[in-house]
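**Q** Structure for the following, please:
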Amino acid sequence: SILESFIHAGAMNDCKVQVVNVHSENIDEGNVNEKLIGLDGLLVAPGFGYRGVEGKIIAVKYAREKNLPFFGICLGMQMAAIEFARDVLGLQEADSTEMNPDTPDPVIDMMEEQKKVTAKGGTMRLGSYPCLIKENTLAYTIYKTTTINERHRHRWEFNNKYLPEFEEAGMIASGINAETGLVEIMENTNHPFFIGVQFHPELKSTVENPHPIFVHFIKAAKEFVAESKIKNEFSKVDA
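**A** This next block holds a predicted model:
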């Protein structure tokens, strides 16, 4: 669904999207530049379990520091939150209780109603849920409305205990479930295009109606390419 969504978004942006798959298990602090250099945008995809998560966190840090357009879906959003907690807020042991049940700073934690459930599968938060979007945010620019519905498939959530500290440092909750207060969309206001969503937008994208987050992500990637070319030209002149 994600690959198809890129095709839809590319058509809307008059370009062909070339997807480069990078296995996060193979990313570390020493080779992240080598692995990701040359990319015009970074998507951290959904997933479950501990496999490859540290590589994803390192990749998120690369995108945040390089101003590379970033889009995180479900686990991808959660990795962005963990990276921000560790490297911006200084909570060096921040983690998800899915990966580390004993973390002193569980910025990602299991939904309260799921804590007594031991079996997975049908116990997840599944289906379509409403989301309220704050005005004057990237999310609002993308959706152009304050009320949306998106599909979910997960058990862990952003821990709202940490939200004030996050927002003070520039990582805001721009989309929230009005009934539960759960964070659905996070974005970094200190970055040109940095957005993570707890839901799965790829499941709603079609040829006739490409999903707006994918469309804007590819648009941001094209702008990143254009700006990089301008910088390179200035560098040649200075040299």
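**Q** How about residues contacting stretch 76-96?
**A** Applying C-beta atoms under 8 Å, 6 or more residues apart in numbering, the contact partners of stretch 76-96 are 43-46, 53, 56-57, 60-61, 64, 70, 72, 103-109, 156, 158, 162, 165-166, 169-171, 186, 188, 194, 196-198. Where C-beta positions appear, they are placed from N, C-alpha and C, glycine not excepted.
**Q** What's the end-to-end length of it?
**A** 12 Å (C-alpha to C-alpha, to the nearest Å).
**Q** cool, and stretch 70-80?
**A** Stretch 70-80 has an end-to-end distance of 9 Å (C-alpha to C-alpha).
**Q** So for it, mean pLDDT?
**A** Averaged across stretch 70-80, pLDDT comes to 96.
**Q** my guess is V19 meets S5, correct?
**A** No - checked against C-beta atoms under 8 Å, the pair V19 and S5 is beyond contact range at 10.5 Å.
**Q** Neighbour count: these two, which is higher?
**A** Between V19 and S5, counted using other C-beta atoms under 10 Å, the more crowded position is S5 (25 against 10).
**Q** wait, F6 sits on A221?
**A** No - assessed by C-beta under 8 Å, F6 is found out of contact with A221, at 10.2 Å.
**Q** Give me the subset of the contacts of stretch 76-96 that lies in strands.
**A** Residues of the contacts of stretch 76-96 located in strands (DSSP state E): 43-44, 70, 72, 105-109, 156, 158, 171, 186, 188, 194, 196-197.
**Q** Go ahead and build a PyMOL selection from the buried members of these.
**A** To isolate the buried members of the ones in strands among the contacts of stretch 76-96 in PyMOL, using 16 or more other C-beta atoms under 10 Å:
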select buried, resi 43+44+70+72+105+106+107+108+109+156+158+171+186+188+194+196+197
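**Q** any residues in contact with both of V19 and S5?
**A** Taking C-beta under 8 Å, 6+ apart as the criterion, V19 and S5 do not both touch any residue.
**Q** how about low-confidence regions in the protein?
**A** 48-49, 111-127, 153-154, 231-239 (pLDDT under 70).
**Q** Distance from the chain centre to the longest helix along it, please.
**A** In the chain, taking DSSP state H as the definition, the longest helix is helix 212-238. With C-alpha atoms, centre = their mean, to the nearest Å as the basis, helix 212-238 stands 20 Å off its chain's centre.
**Q** what comes up buried for it?
**A** Within helix 212-238, the residues that count as buried by 16+ other C-beta under 10 Å are P212, I213, F214, V215, H216, F217, I218, K219, A220, A221, K222, F224.
**Q** Who are the packing partners of that helix?
**A** Packing partners of helix 212-238 (3 or more C-beta pairs under 8 Å, 6 or more residues apart in numbering; DSSP states H and E): helix 2-12, strand 70-73, helix 138-143, strand 194-197.
**Q** Which residue lies nearest the spatial centre of the chain?
**A** Nearest to the geometric centre of the chain sits G72, at 1.9 Å (C-alpha atoms, centre = their mean).
**Q** now it, nearest residue through space, not along the chain?
**A** Closest residue in space to G72, ignoring its immediate chain neighbours: G196 at 3.5 Å, by C-beta to C-beta, 6 or more residues apart in numbering.
**Q** so that neighbour sits right up against I185, yeah?
**A** Yes - G196 is in contact with I185 according to C-beta under 8 Å; the separation is 7.2 Å.
**Q** picking up where we left off before, can you give me the angle the longest helix of the chain makes with helix 2-12?
**A** 70 degrees (axes from the mean of the first three to the mean of the last three C-alpha atoms, to 10 degrees).
**Q** heads up, I number from 204, so please use that
**A** Happy to do that; since the first residue is 204 now, the last one works out to helix 415-441.
**Q** List the residues that contact I416.
**A** With C-beta under 8 Å, 6+ apart, I416 has these contacts: F274, I345, I398, V400, P404.
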